[in-house]
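**Student:** next comes the sequence, and after it the predicted model I'd like to discuss.
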Amino acid sequence: MKVVIPRLFLVCVFVLPMFCAAQKKGVDPKLVAKAKAGDAQAQTALGVAYADGTVVSQDYAQAATWFKKAADQGNAQAQDHLGRLYETGSGVQQDDGKAALLYRRAAEQNLASAQLHLGLLYQHGVGVPENPALAAGWYRKAALLGVPEAEYNLGTMYERGIGVPQDYAQAADLYRRAADKGDADAQFNLGILYDNGTGVPKNYMAAAAWYEKAAEQGLPRAQFNLGSMYANGQGTPVNLPEAYFWLSLSAKTWSGSRQDQAEHARDLVAQHMSAEDLEAAKQRVAKWLAERKK
């Protein structure tokens, strides 16, 4: 018996990656000496060490000092990192205008992460006048270099017709590129396109497959839609234990009205399950949540 549960549809979230850097086993004293001697790459590496705090005590002010030395020499990575510190106000006085200037200098050197960051500023009018067309242009440059966040963000712009002509097929192509790299938001949005037959042929099986990839990464809206497909028997045979499992996970993660929606759908499915199947599904939910906490 199927249980009819309506699914959620498009959610567009522009992705801004957090500052991150490679993990290091230790700071080589020779690196410090090279940085002090004016080597821009060494200065950048030392700034990263202070910013990520894995081998020295985290100190954003020191990170900014070393990034600035390298940025003044034209090092694109340092310019991008320093821009991020100005944007977040970490170790320096928060200044979106300076962040935009630094991102631009690095972006013009074809640094993909800076192109993404600059696109975000233009998208939201932060530190620069809001300009969706310029945002799309910088996203495109980063997307051509294979940055999944840029591919996803540009995909949302094509889907919504912001800064570019609306083009669902182009959106689907960009989502697929990011989804193939493991981007959960892109996987979900690509699932939506297949669910609706927008920009791609309508295909419930493909929709369910992309929802599942995003759901396994913990995306609650994907978990909800996947659960509804198992309940409705769309793209997959009706499977109420699977429906209960995914709907329960979405209910555990969401809050507010979305949580209420997920709980209502979960409870509706539970009414049609045997006691044995229901208990097994609950145990599976508990096991999944416990493993995610490790």
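**Tutor:** Here it is on my side, so go on.
**Student:** His124 contacts Pro132, correct?
**Tutor:** No - contact criterion Cβ atoms under 8 Å: His124 and Pro132 do not qualify, at 9.8 Å. Where you see a C-beta, it was placed from the backbone N, CA and C, and this is true even at glycine.
**Student:** tell me which of those two has more neighbours.
**Tutor:** Pro132 (18 against 15; other Cβ atoms under 10 Å).
**Student:** state the distance from that one to Leu116.
**Tutor:** Distance of Pro132 to Leu116, given as Cβ to Cβ, to the nearest Å: 15 Å.
**Student:** cool, and Val164?
**Tutor:** Val164 is 16 Å from Leu116, by Cβ to Cβ.
**Student:** so where's this protein shaky on pLDDT?
**Tutor:** For the chain, the stretches flagged by pLDDT under 70 are 1-26.
**Student:** in the stretch 101-250 of the chain, what residue spans correspond to helices?
**Tutor:** Using DSSP state H, counting those that start in this stretch, the helices found in the stretch 101-250 of the chain span residues 112-124, 132-144, 148-160, 168-180, 184-196, 204-216, 220-232, 240-253.
**Student:** now the second one: buried residues?
**Tutor:** For helix 132-144, the buried set under the neighbour-count rule, 16 or more other Cβ atoms under 10 Å, comprises Pro132, Leu134, Ala135, Ala136, Gly137, Trp138, Tyr139, Arg140, Lys141, Ala142, Ala143.
**Student:** then the fifth one?
**Tutor:** Neighbour-count burial for helix 184-196, counted by 16+ other Cβ under 10 Å, picks out Ala184, Asp185, Ala186, Gln187, Phe188, Asn189, Leu190, Gly191, Ile192, Leu193, Tyr194, Asp195.
**Student:** with adjacent residues omitted, what lies nearest to the last one?
**Tutor:** Spelled out, that is Asp195. In this structure, Asp195 finds its nearest non-sequential neighbour in Ala207, 4.0 Å apart by Cβ to Cβ, 6 or more residues apart in numbering.
**Student:** the one you found: what's it in contact with?
**Tutor:** Each residue near Ala207 by Cβ atoms under 8 Å, 6 or more residues apart in numbering is listed here: Gly191, Ile192, Tyr194, Asp195, Asn225, Met229, Gly235.
**Student:** neighbours of the closest residue to Ala136 other than its chain neighbours, how many?
**Tutor:** Leaving aside its sequence neighbours, Ala136 sits nearest to Gly163 (Cβ to Cβ, 6+ apart; 3.9 Å). Gly163: 19 surrounding residues under other Cβ under 10 Å.
**Student:** thought Gly163 was touching Trp138?
**Tutor:** No - if you go by Cβ under 8 Å, Gly163 and Trp138 don't touch, sitting 10.3 Å apart.
**Student:** Ala78 - nearest residue in space that isn't next to it in sequence?
**Tutor:** With sequence-adjacent residues excluded and distances taken as Cβ to Cβ, 6+ apart, Ala78 is closest to Ala70, at 3.4 Å.
**Student:** before we move on, back to that, so Val164 and Leu116 - more neighbours on which side?
**Tutor:** Higher neighbour count among Val164 and Leu116: Leu116, with 28 against 20, using other Cβ under 10 Å.
**Student:** correct me if wrong: that one contacts Leu144.
**Tutor:** No - in this structure Leu116 lies outside contact range of Leu144 using Cβ under 8 Å: 11.7 Å.
**Student:** returning to that earlier point: and the helices of the stretch 101-250 of the chain: which comes nearest Ala100?
**Tutor:** When the helices of the stretch 101-250 of the chain are compared by Cβ to Cβ, helix 112-124 sits nearest Ala100, at 5.2 Å.
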